[in-house]
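S.K.: fold the stuff below for me.
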Amino acid sequence: MKKLTSLALFICLSSVTPFASADLKSTPSKVEPSSETALEAEVSKPAHNFPIAEQLSTNALASQRNDYLAKRGWQLGRNQRSNDPNDAFYIGWGEASINASTNDISFADARIAAFEKALLAAKGQYAKEVITETMATTINENFRDERPVNAQELLKDNSAARSLLHKLQGLSDAALDALLEKLGENPEDYAHEAKQNIAKDIFTRRVTSKSLAKVAGFRTLVSFEDNHAVGVIVVHSHKLAEQAKSISQGSVVANNTDQKRGPSVLEQLSQQLPSESNYIFQHGLRVLNDEYGNPTLVAFSQSGVRATNHDSKFMLNSAIKAAKSSARSMAEGRIADFLNGTVALTSESTLESSDVASRVFGQDGERLEEASSIGKMMNEFIKQNSKMKLKGLNTLKTWTANHPETGHLITGEVLVWSPYTRDQVTNYAAKKRPSSNHGGDNLQKATNKLRSSADFNDDASF
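M.R.: Numbering: from 1, shown residues only. Predicted coordinates:
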């Protein structure tokens, strides 16, 4: 039996060819996974569980912002051209998502809302930084025996602001009296136990009113957007603030119109915005010089036409009429907010007596609110204190165009106001063009290009 087994084993081994044997020795057998198994394993890798940075709209907007600033040698925050403090300027940034898909009929208006949110966030952030700087300066002046306060520390850590305000309550009676006198109050008007809270309340109100008064002249510099988000670069400087005050307070005298000094506002717009669709990506308010050198407020506004080719002609015409009315109101509001806002914000007494000061420091009076909340408070304050009536407000251009990627029909208006239009009440001829209905069936095929508003040199001279 053993002999038969050995013989069988010999025969089996002899039947294997040398090539096959060598192949078995050099390459061990391997079972290849199916294509479905391999794909499932690849997709299940941890790297595929997270958003890809390059595909985020916020990253694309930030990249455009950084390129824009780098080309000009600027940075977010404070910039300085010379040793002159009045030669400094602030560059800020705000962004917001577009809360509608490109297939949604409300997409066009959602873009506009996103710009407004981004602008409010940028405005509130600047106000917040000014408040912390003013607060740090004031505290350093009144607490010389303490460690100097850094404004950036206050901005990053609200607990720092809270601890500093607590110092007010820890002052001696004599120190509280001295502080109240510095704040313009008579210590004898208050009972001893009330002095601490009164000093804190007056201090925060005074800091807020002084700070917000410095926001006058704040304006849009350039904006970027794709189909998912909008970002806006803002600018503020001493020169812009003084210009805003002069325009708003009516102290600017219209220049002599006998001799032209440069291109008209319409010619400047035509050069920077050659087609109607370019106006779709132009938001906010700018200050340009007209052909006579008069500073001119230029308000860009737009509204989506909520209709498609499937709607009746009556419905389409009604939607266009409603969109034009909305765009007109928005443009008027931009100029009114600039003029009234500058006057209201520069009135420290009005600000101090309002509830804005207490709301800025939160419910406990010791914590600065978020930037977007501060921006909203400022807008509410401006609307509540709007007194100036607009005279000389004129339509420079009306336009209607389709969004180049989504096909949405959008109509808009450009309004202007200047000392010249105020004094002469000259009517500009509105340039109207018929609406175009093409592109309504291609909403689902929208591409996603990143667009930028025009960069006007006059507006950038700050």
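
S.K.: make it CA atoms for all contacts and neighbour counts henceforth
M.R.: Noted.

S.K.: helices or strands next to the helix or strand hosting Ala96 in the packing?
M.R.: Using DSSP states H and E, the secondary-structure element containing Ala96 is strand 88-97. Other elements packing on strand 88-97 under the criterion 3 or more CA pairs under 8 Å, 6 or more residues apart in numbering; DSSP states H and E are strand 77-80, helix 107-142, strand 229-237.

S.K.: tilt between it and strand 229-237?
M.R.: Between the axis of strand 88-97 and that of strand 229-237 there is an angle of 160 degrees, by axes from the mean of the first three to the mean of the last three CA atoms, to 10 degrees.

S.K.: any idea of the mean pLDDT in strand 88-97?
M.R.: Here the mean pLDDT over strand 88-97 is 93, rounded to a whole number.

S.K.: and the angle for it with helix 107-142?
M.R.: Going by the same axes, to 10 degrees, strand 88-97 is angled at 140 degrees with respect to helix 107-142.

S.K.: what's next to strand 88-97, contact-wise?
M.R.: Counting by CA atoms under 8 Å, 6 or more residues apart in numbering, the neighbours of strand 88-97 from elsewhere in the structure are 58, 74-82, 114-115, 117-123, 125-126, 228-238, 462.

S.K.: mind saving the C-alpha coords of it as CSV?
M.R.: The C-alpha coordinates for strand 88-97 follow below in CSV (Å, rounded to 0.1, in the frame of the first residue of the first chain):
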residue,chain,number,x,y,z
ALA,A,88,-4.4,105.0,6.7
PHE,A,89,-7.3,102.9,5.3
TYR,A,90,-9.2,99.8,6.3
ILE,A,91,-9.9,96.9,4.0
GLY,A,92,-12.7,94.5,5.2
TRP,A,93,-14.4,91.4,3.8
GLY,A,94,-17.8,89.8,4.1
GLU,A,95,-19.4,86.8,2.5
ALA,A,96,-22.7,85.0,2.4
SER,A,97,-24.3,81.9,0.8
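
S.K.: so for it, what gets flagged as buried?
M.R.: In terms of neighbour count (16 or more other CA atoms under 10 Å), strand 88-97 has its buried residues at 88-97.

S.K.: closest to Ala70 out of those?
M.R.: The shortest approach to Ala70 among the buried residues of strand 88-97 belongs to Ile91, at 12.4 Å (CA to CA).

S.K.: for Ser349, helix, strand, or coil?
M.R.: helix (DSSP: H, G, I helix; E, B strand; the rest coil).

S.K.: what are the ranges of the strands in this protein?
M.R.: Counting by DSSP state E, the chain has these strands, from start to end: 77-80, 88-97, 219-225, 229-237, 284-289, 295-304, 394-402, 409-417, 451-452.

S.K.: off-centre distance for the fourth one?
M.R.: What it means is strand 229-237. The chain centroid and the centroid of strand 229-237 are separated by 5 Å under CA atoms, centre = their mean, to the nearest Å.

S.K.: that strand - contacts with which helices or strands?
M.R.: The criterion is 3+ CA pairs under 8 Å, 6+ apart, and the helices and strands that strand 229-237 contacts are helix 57-72, strand 88-97, helix 107-142, strand 219-225.

S.K.: okay, those, which one's buried deepest?
M.R.: Ranked by mean neighbour count, those are led by strand 219-225 with a mean of 25 (mean count of other CA atoms under 10 Å).

S.K.: reformat the strands of the chain as a markdown table; add distance to Asp355.
M.R.: Below are those laid out as a markdown table (distance: least, CA to CA, whole Å):
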| stretch | distance to Asp355 |
| --- | --- |
| strand 77-80 | 28 |
| strand 88-97 | 25 |
| strand 219-225 | 25 |
| strand 229-237 | 25 |
| strand 284-289 | 27 |
| strand 295-304 | 30 |
| strand 394-402 | 35 |
| strand 409-417 | 31 |
| strand 451-452 | 38 |
